[in-house]
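*Asks:* this one's sequence-less:
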């Protein structure tokens, strides 16, 4: 799905109009940002129904806070942050890695407005994951790819590489740990790490 243009002319004026109960202004903002937020949330949630629900909740909250919107200096960052926080809250309930997600949320709160936009659009996230995998030692990388990309069992990989299934498992555990560490340390790696965690859990 193509992300539409980032530019929404007169955002601050639109927010000021929403603060005065202007439903037409709200509709303009909704249609612009709904198309940008939904693909991101869907990629994280893996459920069209829940992604739609979360996006609807974001805009319901925006409308309920409308009296304060005239004071917002960066409307798009305000909306992105609302969507990010709601998505993280939902994911925390599903994940065994809630501590890591909490840390990602904390890091998100320290990003500048332009960084939040780049984070939300997912620039370079897939490439960072690709880099992390390719930074693994050769045999560990091979084990990881045979398991995660080709769907082979420990036994099948062991037979192919002439190693025991337990050794395969050890390589895989270390590979996953190394990839997460790589993404945690990489500049702009927060979204990549989040995507990676939930792709792992959705397999």
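*Replies:* Structure's in. What do you need? Because the structure is predicted, anything quoted here is derived from the model rather than measured. Numbering: from 1, shown residues only.

*Asks:* pull out the buried residues from the helix ranked longest in the chain.
*Replies:* In the chain, with assignment by DSSP state H, the single longest helix is helix 23-45. Neighbour-count burial for helix 23-45 flags 25-26, 28-30, 32-34, 36-38, 40-45 (criterion: 16 or more other C-beta atoms under 10 Å). Backbone N, C-alpha and C define where each C-beta goes, glycine included.

*Asks:* which other helices and strands does it contact?
*Replies:* With contacts taken as 3 or more C-beta pairs under 8 Å, 6 or more residues apart in numbering; DSSP states H and E, helix 23-45 sits against helix 11-19, helix 48-64, helix 75-94, helix 113-121, helix 190-201.

*Asks:* to residue 148, which of these lies closest?
*Replies:* With C-beta to C-beta as the criterion, residue 148 lies closest to helix 190-201 of the helices and strands packed on helix 23-45, at 8.2 Å.

*Asks:* can you read off the pLDDT for the nearest residue to residue 75 once chain neighbours are set aside?
*Replies:* Nearest residue to residue 75, sequence neighbours excluded (C-beta to C-beta, 6 or more residues apart in numbering): residue 11, at 4.2 Å. Looking at residue 11, its pLDDT reads 89.

*Asks:* and residue 146, how close does it get to residue 197?
*Replies:* Here residue 146 is placed at a distance of 21 Å from residue 197 (C-beta to C-beta, to the nearest Å).

*Asks:* actually residue 78, not the one I typed
*Replies:* If you measure residue 78 against residue 197 using C-beta to C-beta, the figure is 26 Å.

*Asks:* ditto for residue 27
*Replies:* Distance from residue 27 to residue 197, by C-beta to C-beta: 35 Å.

*Asks:* what do you get for residue 40?
*Replies:* According to C-beta to C-beta, residue 40 stands 15 Å off from residue 197.

*Asks:* likewise for residue 34?
*Replies:* 25 Å.

*Asks:* and for residue 179?
*Replies:* Taken as C-beta to C-beta, the span from residue 179 to residue 197 is 10 Å.

*Asks:* quick check: which ranges of this structure have low pLDDT?
*Replies:* In the predicted model, the chain carries pLDDT under 70 at residues 1-7, 94-124, 188, 190-191, 194-195, 198-203.
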